[in-house]
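Trainee: Sequence and predicted structure below; questions after.
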Number of protein chains: 2
Amino acid sequence: MELDKAAQELLFTEARTANAFSPEPVSDETLRAIWELAKWAPTAMNSNPLRVVYLRTEEAKARLIPHMSEGNQAKTATAPVVAVLAADSAFHEHMPHLFPIREGMREYFAGDDAARTHTAEFNSALQAGYFLLAVRAAGLAAGPMGGFDRAGVDGEFFADGRHRSIMVVNIGKPGEGAWFDRLPRLDYDEVVTLA
Amino acid sequence: MELDKAAQELLFTEARTANAFSPEPVSDETLRAIWELAKWAPTAMNSNPLRVVYLRTEEAKARLIPHMSEGNQAKTATAPVVAVLAADSAFHEHMPHLFPIREGMREYFAGDDAARTHTAEFNSALQAGYFLLAVRAAGLAAGPMGGFDRAGVDGEFFADGRHRSIMVVNIGKPGEGAWFDRLPRLDYDEVVTLA
């Protein structure tokens, strides 16, 4: 590995999903730095469909919490910042700017709903992975959650109907009781085939 | 950022998608180290649906290349290793081992095709993001590609019908002509909303 051990630990091997957060605030500057790092990792045709809503106040979080699964509400309430990640189903409007090396991609995606939906869903998930590691790169714990009412969250935060929420991420310094026991991973031979 | 500048550059800010590779081989040990790093990043309910087939020989690559889009064939031929990433649609068989803290998840997913498919697709894409950054962590260039015939690749490598290919990744040291001009990213305000 070219990545040094400390960085491996920070991003992958020692980092853990936090389930409680300390009240220590996270600055707007740090939130911006997270995105400015995550944004460089690759997406198909540079489509970049992920969008982020950072909830930084109790008022903003109060709009979200009723839509979280019961088991996710208390921990979300403790996080100083919560990110709602969403896929922009109209990402193709940006293609002339993002992918100028191939003309007509905006029109292609406008005319093919299945391709547009798949590209938005797949690449926003890919970017969510980058985003979680970028949160860790900032020295913060991430608490990614899939347990929430998507229609409820979309209605509350994306009333334009253009964005679909894909993940909610608690962000902050870990608090008391943040760590559950680490769960196992599959064996190498269960995942990888050498050909 | 707690992650130091060199690591930020290696994984995010200076790393680029390579479009040509040097013949320098990649060892099985390195391929294993990539997975042993990537595997630790989080998935929903620890579902870990991503599977990897590493193609390390000309014979193995010859099975893949006819299924790649024309524009991806030449560069794939130059890569010393190519990874075929796939989603395991029967990931739920592992849930009693992977997620022992909640009983009945295998049966839940067995009975809900839509939930199982969504979990497999979303989390394998998330893991593909981790995988690409782990390739970079090994000091190698990654060349992720979505342009290939999925049915053809699945028929060739996943005849069991259980796995669906999601991405093909060229892996190696960059070769001559590896870099295209860097494409732009969206402005912060186009992606992020502060609430």
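Mentor: Everything's here; your move. Bear in mind that the values here come from a model prediction, so they are computed numbers and not experimental data.
Trainee: and the closest residue to residue A:150 other than its chain neighbours, what is it in contact with?
Mentor: Leaving aside its chain neighbours, residue A:150 sits nearest to residue A:165 (5.4 Å; criterion: C-beta to C-beta, 6 or more residues apart in numbering or on different chains). For glycine as for every other residue, the C-beta is placed from the backbone atoms N, C-alpha and C. Neighbouring residues of residue A:165 by C-beta atoms under 8 Å, 6 or more residues apart in numbering or on different chains: A:84, A:85, A:86, A:148, A:150, A:153, A:154, A:157, A:158.
Trainee: ok so the second one is a strand residue?
Mentor: Okay, so that is residue A:85. Yes: according to DSSP: H, G, I helix; E, B strand; the rest coil, residue A:85 belongs to a strand.
Trainee: Kindly indicate whether the closest residue to it other than its chain neighbours is helix, strand or coil.
Mentor: Of all residues not flanking residue A:85 in the chain, residue A:167 sits nearest, at 4.5 Å (C-beta to C-beta, 6+ apart). For residue A:167, the assignment made with three-state DSSP gives strand.
Trainee: where does residue A:148 land on pLDDT?
Mentor: Residue A:148 is assigned a predicted lDDT (pLDDT) of 98.
Trainee: What of the one 10 residues further on?
Mentor: The score at residue A:158 is 97. That number is its pLDDT.
Trainee: on that earlier part again, just the buried members of the contacts of residue A:165?
Mentor: Using 16 or more other C-beta atoms under 10 Å in any protein chain shown as the burial test, the contacts of residue A:165 include A:84, A:85, A:86, A:148, A:153, A:154, A:157, A:158 as buried.
Trainee: residue contacts, residue A:166?
Mentor: A:85, A:86, A:87, A:121, A:124, A:125, A:128, B:122.
Trainee: Please repeat the previous calculation with a cut-off of 7 Å.
Mentor: Applying C-beta atoms under 7 Å, 6 or more residues apart in numbering or on different chains to residue A:166 gives the contacts A:85, A:86, A:87, A:124, A:125, A:128.
Trainee: Pick out the most distant pair among those residues.
Mentor: Pairwise distances across the contacts of residue A:166 (C-beta to C-beta) peak at 11.5 Å, for the pair A:86 and A:125.
Trainee: where's the residue in chain A positioned nearest to chain B relative to residue B:185, distance?
Mentor: Relative to chain B, the nearest point of chain A is residue A:129 (2.7 Å; C-beta to the nearest C-beta). Residue A:129 is 17 Å from residue B:185, where distance means C-beta to C-beta, to the nearest Å.
Trainee: Which strand or helix spans the spatially most central residue of chain A?
Mentor: When chain A is reduced to its mean C-alpha position, the nearest residue by C-alpha atoms, centre = their mean turns out to be residue A:128, at 3.5 Å. Element membership for residue A:128, per DSSP states H and E: helix A:113-137.
Trainee: Next, the buried residues of that helix.
Mentor: Residues of helix A:113-137 classed as buried under the neighbour-count rule (16+ other C-beta under 10 Å) are A:116, A:119-137.
Trainee: and residue A:184, helix, strand or coil?
Mentor: Under three-state DSSP, residue A:184 falls in the coil class.
Trainee: Do I have it right that it meets residue B:100?
Mentor: No: the pair residue A:184 / residue B:100 is not scored as a contact, 8.4 Å apart, by C-beta atoms under 7 Å.
Trainee: and stretch A:22-33, does that touch chain B?
Mentor: Yes: Stretch A:22-33 comes into contact with chain B (C-beta under 7 Å from any C-beta of the partner chain), by way of A:28, A:32, A:33.
Trainee: how many neighbours does the first one have?
Mentor: The one in question is residue A:28. For residue A:28, the number of neighbouring residues by other C-beta atoms under 10 Å in any protein chain shown comes to 12.
Trainee: do the one 4 residues further on as well
Mentor: Around residue A:32 there are 14 other residues, counting by other C-beta under 10 Å.
Trainee: ok, now the one 4 residues further on?
Mentor: For residue A:36, the tally of surrounding residues (other C-beta under 10 Å) stands at 17.
Trainee: now the closest residue to residue A:147 other than its chain neighbours: how far from residue B:104?
Mentor: Distances taken as C-beta to C-beta, 6+ apart place residue A:69 nearest to residue A:147, at 3.5 Å, with adjacent residues excluded. According to C-beta to C-beta, residue A:69 stands 16 Å off from residue B:104.
Trainee: ranges for the strands of chain A?
Mentor: A:50-55, A:81-88, A:141-145, A:163-172, A:192-194 (DSSP state E).
Trainee: Is it possible to get TSV of those strands that adds distance to residue A:109 and mean pLDDT?
Mentor: Output for those, formatted as TSV (distance: least, C-beta to C-beta, whole Å; pLDDT from 0 to 100):
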stretch	distance to residue A:109	mean pLDDT
strand A:50-55	16	98
strand A:81-88	12	98
strand A:141-145	28	98
strand A:163-172	16	98
strand A:192-194	33	98
